[in-house]
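Q: Give me a model of this one.
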Amino acid sequence: MERRLFEPRSLKLVGAFVVFSLVWQPTTDWLVSSLIDDPEDIARALSLRWWVFLAAAALFLFIIVRQFVAEREQNFFRLKRLEAVVEAAGDAIYSSSPDGTITSWNRAAEVMYGYSREEAVGSGAQMLASSERHREEQWLLDSAARDQSVQGLETERMTKDGRQINVGISMSPIHDRDGNDIGSTIVSRDISEQRKVEDDLFESVERLQISKRHRELLLRQLVMAEEKERKRIASGIHDDPIQVMSSVAMTLDLMAHNAAYDEGLLDQSRTHVRGAIRRLRTLVFELSPPDLAETGLAPAIETFLRENSKDSGLPYEMDDWISVPISTEMSYLLYRVTQEAVRNVTKHADASLVRVVVESNDEGVSVRVVDDGKGFVTDAALSATHFGLKEMRDRLELAGGWLRYSSAPGAGTTVEFWAPPSRPLWVL
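A: Residues are numbered from 1 along each chain as shown. Got it, this is the predicted structure:
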């Protein structure tokens, strides 16, 4: 940095002394000639004026030197205060010359980059940038030469041990009194934690969006499952009880117009009505299961298996190994999934036996439904024929559980699922 001999105030005093020197002789000549008539007195007065001039010059010199020293001390203390502020700053601050040589290096820069002051000062600033960032470092030097500041540049810099850190950089050019470029000051802040928080926040938002889309998909699937169940119930009522009742009604009409009715036809109608009543009761039982809060999960499942066996003729076995309490909501979920699994066996498996095992494990409750039926190819398990498996799995996953299955043609099927003992559910 350029240093001047005199500061502005000292220069003013020097100027005043020069003016005083220029006007001293003509002014004293005029005063002596105007006030003194005796030539000898005039000669003595003119000889004394130089002593007065020398005394005045000495006084001016004393004042100038004193002012110069005071200004230098003031600048020194101002510089020391600035150095203390820079040294105490939490951000890494360093200065560099126009060619990129580091000229100052504060304590925070030592901590951030790992270089001591002795190592950094005199080295090129490009040591802080990886090879692919050297052009960026040169751009900062060129910006300083054009008197352009840089604010909020987010980039990467390299520490002494080779680590890449995320930093935010601000650069301000430095000029001398005449406006010439003499370097720049760089302030860099480690934003690695900030960037990590931003990245984590971004990932969280992405996960939330994915979770939201997943919930929306599950909701659509559950709505479709409910609609499918309504259609199944309507079809079951229309295809069996209603048709049976219609047939019985027609038979009764014929009997009403024919006094000599057939007793066997009456017995057949009575049998059809009783069968329709039994199937309607089964349907009502499926729609409205027993109060699981009172009966418990395992007894409710066994009751369902018994009613299903009466209606379909499918034998069953039941094992109850539950040893943990289960919330009512989770009991209903496990009951419904078991009901759907057994219904699939009844309709599609051509099995001679279905076995249900309910047990406590992994701090939850698992149910295993095993049949000895015809099985199926698992790759096609999520086709239209076995769409119920996907509905069952979606319901369990929504509650924090899981479902898996195994099967092969001619080897039967095993469906196993698990759910935590207690978890709030918004849909069952």
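
Q: For the chain, just list every one of the helices.
A: 8-35, 39-88, 107-113, 117-120, 134-145, 192-237, 243-256, 263-287, 292-295, 297-312, 328-344, 387-398 (DSSP state H).

Q: Show me what the last one is packed against.
A: Right, the one you point to is helix 387-398. Judged by 3 or more C-beta pairs under 8 Å, 6 or more residues apart in numbering; DSSP states H and E, helix 387-398 is in contact with helix 192-237, helix 328-344, strand 402-407, strand 413-419. For every residue, glycine as well, the C-beta is placed using N, CA and C.

Q: tell me how far that helix is from the chain's mean position?
A: Centroid separation between helix 387-398 and its chain, computed with C-alpha atoms, centre = their mean, to the nearest Å, is 29 Å.

Q: Name the residues of that helix that are buried.
A: Gly388, Leu389, Glu391, Met392, Arg393, Asp394, Arg395, Leu396, Leu398 (16 or more other C-beta atoms under 10 Å).

Q: What mean pLDDT does that helix get?
A: Regarding helix 387-398, the rounded mean pLDDT is 78.

Q: next one: the fifth one
A: Per-residue pLDDT values across helix 134-145 average out to 87.

Q: neighbouring contacts of that helix?
A: Residues from elsewhere that reach helix 134-145, judged by C-beta atoms under 8 Å, 6 or more residues apart in numbering: 96, 98-100, 125-126, 128-129, 149-150, 155, 169, 171-174, 181, 183-184, 186.

Q: Also the fourth one?
A: With contacts defined as C-beta under 8 Å, 6+ apart, helix 117-120 is touched by Tyr94, Ile102, Trp105, Ala109, Glu110, Tyr113, Lys160.

Q: Output the below-cut-off pLDDT ranges for the stretch 1-150 of the chain.
A: Within the stretch 1-150 of the chain, the segments meeting pLDDT under 70 span 1-18, 20-22, 24-25, 28, 31-32, 37, 42, 45-46.

Q: again with the stretch 201-350 of the chain
A: In the stretch 201-350 of the chain, residues with pLDDT under 70: 215-249, 251-263, 265-266, 269-270, 277-291, 293.

Q: repeat that with 90
A: Along the stretch 201-350 of the chain, segments meeting pLDDT under 90 span 201-297, 300, 303-304, 307-308, 310-312, 322-333, 336, 339-340, 343, 347-348.

Q: Is Ser323 in contact with Val358, as I believe?
A: No - using C-beta atoms under 8 Å, Ser323 makes no contact with Val358, being 10.7 Å away.

Q: quick one: which of these two has more around it?
A: For Ser323 versus Val358, the count of surrounding residues by other C-beta atoms under 10 Å is larger for Val358: 22 against 9.
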